[in-house]
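S.K.: fold the following, please.
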Amino acid sequence: MRSHVFLVSFPGHGHVNPLLRLGKRLASMGLLVTLSTPKFFGKQMTKADNTPVGDGFLRFEFFDDGWDDDDSRRPNHDQYMTQLEHSCACFAAYYHYNRGLVPFPNESDPEIDVQLPIMPVLKHDEVPSFLHPSTPYAFLRTAILDQSSGLIRLPLDG
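M.R.: Next up is the predicted model:
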């Protein structure tokens, strides 16, 4: 099985271009590399899904940042950063839940608050709904967690 590296970039050429170079370098060593950035920025990138690079592959997966492409708030850096932090908080929550790194609401304590590293405390009702024990969509939790279970990631603290 090929190792998989997941790279997530801020939507700006000064961030995406260096990460794309890193991704190509990692792929050339035989890895599967997925580069992700918001959809509106991804539309500006060349579509080259599953492109062979050396002994590996580079692919793109774009995520929805919650705003329409022509949203008038997008040019406002402060508003956009707040919006983008919500997308990143979900990634962090799934990662920590999947690996059991911090306590999450569970059947015996459904109202526990969640403290993720370098983030404000999430109240039990602010946790992504698929991670809450009362979700009627537990099968989607399983699907989401299965997708992220093989991701290689550096620790948040260094």
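
S.K.: okay, CA-based contacts and neighbour counts for the rest of this
M.R.: Will do.

S.K.: ends of stretch 25-43, what's the gap?
M.R.: The first and final residues of stretch 25-43 sit 23 Å from each other (Cα to Cα, to the nearest Å).

S.K.: and the strands in this protein, which stretches?
M.R.: Taking DSSP state E as the criterion, the chain carries its strands at 4-8, 32-36, 51-53, 56-60.

S.K.: ok and the first one relative to strand 32-36, angle-wise?
M.R.: Here strand 4-8 runs at 20 degrees with respect to strand 32-36, directions being taken by axes from the mean of the first three to the mean of the last three Cα atoms, to 10 degrees.

S.K.: got the angle between strand 4-8 and strand 56-60?
M.R.: Compare the direction of strand 4-8 with that of strand 56-60 by the same axes, to 10 degrees and you get 30 degrees.

S.K.: point out where this structure drops to low pLDDT.
M.R.: Low-confidence segments of the chain, defined by pLDDT under 70, span residues 1, 44, 46-50, 86, 147-158.

S.K.: so where do the helices sit in it?
M.R.: With DSSP state H applied, the chain shows helices at 13-28, 39-42, 77-98, 138-148, listed in chain order.

S.K.: quick one: closest of these to D125.
M.R.: Closest approach to D125 among the helices of the chain is made by helix 77-98 (13.1 Å; Cα to Cα).

S.K.: and the angle from the closest one to helix 138-148?
M.R.: Angle of helix 77-98 versus helix 138-148, following the same axes, to 10 degrees, is 100 degrees.

S.K.: which positions within helix 77-98 qualify as buried?
M.R.: Burial within helix 77-98, assessed by neighbour count using 16 or more other Cα atoms under 10 Å, is assigned to 83-84, 89, 92-98.

S.K.: so which of the strands of the chain is nearest P103?
M.R.: Closest of the strands of the chain to P103 is strand 4-8, at 24.4 Å (criterion: Cα to Cα).

S.K.: show me how far that closest one is from its chain's centre.
M.R.: Between the mean C-alpha location of strand 4-8 and the chain-wide mean there is a distance of 9 Å, by Cα atoms, centre = their mean, to the nearest Å.

S.K.: still on that earlier bit, L140: which of the buried residues of helix 77-98 is nearest?
M.R.: Ranked by distance to L140 (Cα to Cα), those are led by Y94 at 12.2 Å.

S.K.: reformat the buried residues of helix 77-98 as CSV; add distance to S36.
M.R.: Converted to CSV, those look like this (distance: Cα to Cα, whole Å):
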residue, distance to S36
Q83, 17
L84, 13
A89, 15
A92, 15
A93, 17
Y94, 16
Y95, 16
H96, 19
Y97, 21
N98, 20
